[in-house]
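Visitor: Kindly generate the corresponding structure for this input.
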Amino acid sequence: MTTFYRRLPKFDYVAPGSIEEAWKLMAGERGVDYDLFAGGTDVLPKLKRRQAPAPKVLIDLKRIGGLDEIHYDDRRGLVIGALATVHAVTRSPLIRERFPVLAMAAERIAATQIQHRATVVGNLCNAAPSADTASALLALEAEVRCASAAGERTLALRDFFRGPLQNALEAGEIVTEILVPRESAGAKSAYLKLCPRGRMDLAVVGVAAVLFARDGLCQDVRIGLGAVAPTPIRAAKAESALRGAELTEANIARAASAAVDESRPRDSIRGSAAYRRAMVGVLVARAIDQCLGRSCACQ
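Guide: Numbers count the residues shown, from 1 in each chain. Predicted coordinates for the structure are as follows:
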């Protein structure tokens with residue numbers, strides 16, 4: 001299928017130098033119809049393809065200082081600023097050591113050039129069911145902090161996704177940071193993405209797993225699924241099937257089957273719903289095996 005790109009439609013472009021200035025633009029007369037962007041890797045192609053109506057004003061957040069930081073402390077855990085790029089997350093020694101599933105997922109996003117421009121917060125705000133970092137951050141029980149001129153609020157990431165390409169941001173709000181609680185010692189994790197062109201394509205199925213095991217027993221497990229429901233989801237039934245159980249092949253297969261039952265994929269040009277359901281079972285089992293240090297053929 002050939003995609004014909006057109007020129008961008010007409011809109012006003014503004015690049016505020018502070019978050020307060022951005023709030024004023026969003027609340028003022030010009031901000032009645034606006035779109036926010038940081039990297040622009042989602043919004044600009046959509047505007048070119050006419051997949052979204054052109055806003056009156058496009059507000060570029062890239063020039064706002066202090067929002068690109070990545071840091072960690074024992075009280076708050078990991079904090080990823082709204083302007084931290086995907087590349088910065090993939091290369092952060094802190095994330096690679098303490099939260100490797102997030103680095104794995106970020107590495108699977110598009111080409112290196114895109115990773116230098118795109119942001120992880122933008123990947124979440126776009127709310128695509130296939131967003132790579134979403135399933136990883138769901139498995140990490142992440143939260144997002146939303147701020148407006150009226151104040152701040154923190155949402156669990158599972159409550160942030162409202163539907164395909166729909167998030168829970170209210171008028172005048174900006175996601176300022178992602179919060180990831182610290183992990184217990186000994187956690188193992190994996191992210192597996194099935195797609196025809198590797199990182200250059202959207203996921204047909206994405207699976208993130210975080211596992212805590214001791215003496216052959218599953219102490220805790222968290223599984224995030226992408227591209228198999230209207231939003232990225234946690235596989236709660238699969239987690240319950242494995243939590244507290246011996247990590248045998250039979251129990252892992254039972255958990256994988258539960259994840260299949262929880263998925264609600266649709267047919268698309270990338271794969272049928274039946275194929276995606278089948279692959280959920282395969283990838284969940286492989287992700288758990290990878291957490292246990294067993295070989296995994298799927299990348």
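Visitor: Every contact and neighbour count from this point should use C-alpha atoms.
Guide: Fine.
Visitor: Need the three-state assignment for the residue lying closest to Arg91 once chain neighbours are set aside.
Guide: Among residues not flanking Arg91 along the chain, Ala103 sits closest, at 7.5 Å (CA to CA, 6 or more residues apart in numbering). Following DSSP: H, G, I helix; E, B strand; the rest coil, we place Ala103 in the helix state.
Visitor: Run through the residues that contact Ala103.
Guide: Applying CA atoms under 8 Å, 6 or more residues apart in numbering, we find Ala103 in contact with 89-91, 95-96.
Visitor: Make sure Met26 is indeed in a helix.
Guide: Yes. Counting by three-state DSSP, one finds Met26 located in a helix.
Visitor: Could you double-check that it sits in contact with Glu20?
Guide: No. At 9.9 Å, Met26 does not count as touching Glu20 under the criterion of CA atoms under 8 Å.
Visitor: okay, those two: which has more neighbours?
Guide: Neighbour comparison, Met26 and Glu20: the larger count goes to Met26, with 24 against 13 (by other CA atoms under 10 Å).
Visitor: residues contacting the residue nearest to the more buried one when sequence neighbours are not counted?
Guide: The shortest distance from Met26 to any residue other than its chain neighbours is 5.6 Å, reached at Gly172 (CA to CA, 6+ apart). Contact analysis of Gly172 by CA under 8 Å, 6+ apart lists 23, 26-27, 148-149.
Visitor: Show me which of the residues you listed is closest to Ala255.
Guide: Set against Ala255, the nearest of those by CA to CA is Ser148 (41.0 Å).
Visitor: Give me the distance between the closest one and Gly172.
Guide: To Gly172, Ser148 is 6 Å away according to CA to CA, to the nearest Å.
Visitor: Give the buried residues for the longest helix seen in the chain.
Guide: When the chain is parsed with DSSP state H, its longest helix is helix 273-291. Neighbour-count burial for helix 273-291, with 16 or more other CA atoms under 10 Å as criterion, is recorded at 273, 276-277, 279-291.
Visitor: now swap in stretch 111-121 and tell me
Guide: Buried, per 16+ other CA under 10 Å, within stretch 111-121: 114-115, 117-121.
Visitor: Make sure Leu47 is indeed in a strand.
Guide: No. Under three-state DSSP, Leu47 falls outside any strand and is assigned helix.
Visitor: I'd guessed it sits against Pro9; true?
Guide: Yes. With contact defined as CA under 8 Å, Leu47 counts as touching Pro9 (6.9 Å).
Visitor: out of these two, which sits in the more crowded spot?
Guide: Shown here are Leu47 and Pro9; by other CA under 10 Å, Leu47 has more neighbours (19 against 13).
Visitor: in the sheet, who's paired with the closest residue to Ser189 other than its chain neighbours?
Guide: By the measure of CA to CA, 6+ apart, the closest residue to Ser189 outside its immediate chain neighbours is Val210, 4.3 Å from it. Val210 forms beta bridges with Ser189, Arg222, as assigned by DSSP bridges.
Visitor: Can you name the residues that contact Val210?
Guide: Neighbour list for Val210: 101, 139-140, 187-190, 221-223, 291 [criterion: CA under 8 Å, 6+ apart].
Visitor: what about 10 Å?
Guide: Residues in contact with Val210 (CA atoms under 10 Å, 6 or more residues apart in numbering) are 99-101, 136, 139-140, 183, 187-191, 220-224, 287-288, 291.
Visitor: And the buried ones among those, selectable in ChimeraX?
Guide: Of the contacts of Val210, the buried ones go into a single ChimeraX selection, burial set by 16+ other CA under 10 Å:
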select :99,100,101,136,139,140,183,188,189,190,191,220,221,222,223,224,287,288,291
